[in-house]
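**Q** generate coordinates for the sequence data below:
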Amino acid sequence: MERRLFLTGMLGVAGAAALASLAGPSKAVAGIPGGNGILDELDKPDNAVFEGDDPAELELVSHRRHHHGDWYWRHRRRRRRRGWRHVCRRYWRHGRWRRRCWRERYWINIWL
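**A** Modelled structure (predicted):
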């Protein structure tokens, strides 16, 4: 069965290669017209940007917004780590109560 699968796979690859060689490479055109369109207009640089002697304007930006005031306390980060807790359950078996204990993982939240 494996030999048959191998041979059919090889024949399939050979057939695909033969079809690809018959078709040959062709130039793909994706419906782009040869005339002047909106794309040619967008590619041209805007000359108005380079003209004029206006000085550059600076805008001051506060990058430390989250260190001040009420925003920091409302949007502080929370980290989590896993911990272990012991869980015990009682059950009735053979005429008396028995206790079975095990460990379970749980998440501990740490606020920064």
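**Q** for this structure, what's the longest helix?
**A** If you go by DSSP state H, the chain has its longest helix at helix 2-23.
**Q** which secondary element of the chain has the worst mean pLDDT?
**A** helix 69-74 (a mean of 64; mean pLDDT, DSSP states H and E).
**Q** dump the residue contacts of residue 89.
**A** Residue 89 makes contacts with 99, 100, 101, as judged by Cβ atoms under 8 Å, 6 or more residues apart in numbering. C-betas here are computed from N, CA, C, even on glycine.
**Q** okay, those in JSON lines with secondary structure next?
**A** Output for the contacts of residue 89, formatted as JSON lines (DSSP: H, G, I helix; E, B strand; the rest coil):
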{"residue": "99", "secondary structure": "strand"}
{"residue": "100", "secondary structure": "strand"}
{"residue": "101", "secondary structure": "strand"}
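**Q** for the residues you listed, which single residue is the most surrounded?
**A** The most crowded member of the contacts of residue 89, judged by other Cβ atoms under 10 Å, is residue 100 (10 neighbours).
**Q** thought that residue was touching residue 91?
**A** Yes - counting by Cβ atoms under 8 Å, residue 100 touches residue 91, with 6.9 Å between them.
**Q** show me the shaky parts of this structure.
**A** 1, 24-41, 43-46, 48-50, 52-54, 63-76, 111-112 (pLDDT under 70).
**Q** ok so, going back, adjacent strands (with direction) for the helix or strand just after the least confident helix or strand of the chain?
**A** Counting by DSSP states H and E, the next helix or strand C-terminal to helix 69-74 is strand 78-93. Strand pairing for strand 78-93, determined by DSSP bridges: strand 96-111 (antiparallel).
**Q** quick one: contacts of the partner strand?
**A** 76-92.
**Q** can we see that at 7 Å?
**A** 76, 78-91 (Cβ atoms under 7 Å, 6 or more residues apart in numbering).
**Q** quick check: the farthest pair among these?
**A** Spatially, the most separated pair among the contacts of strand 96-111 is 76 and 91, at 43.9 Å (Cβ to Cβ).
**Q** what secondary structure does residue 57 sit in?
**A** Classified using three-state DSSP, residue 57 is coil.
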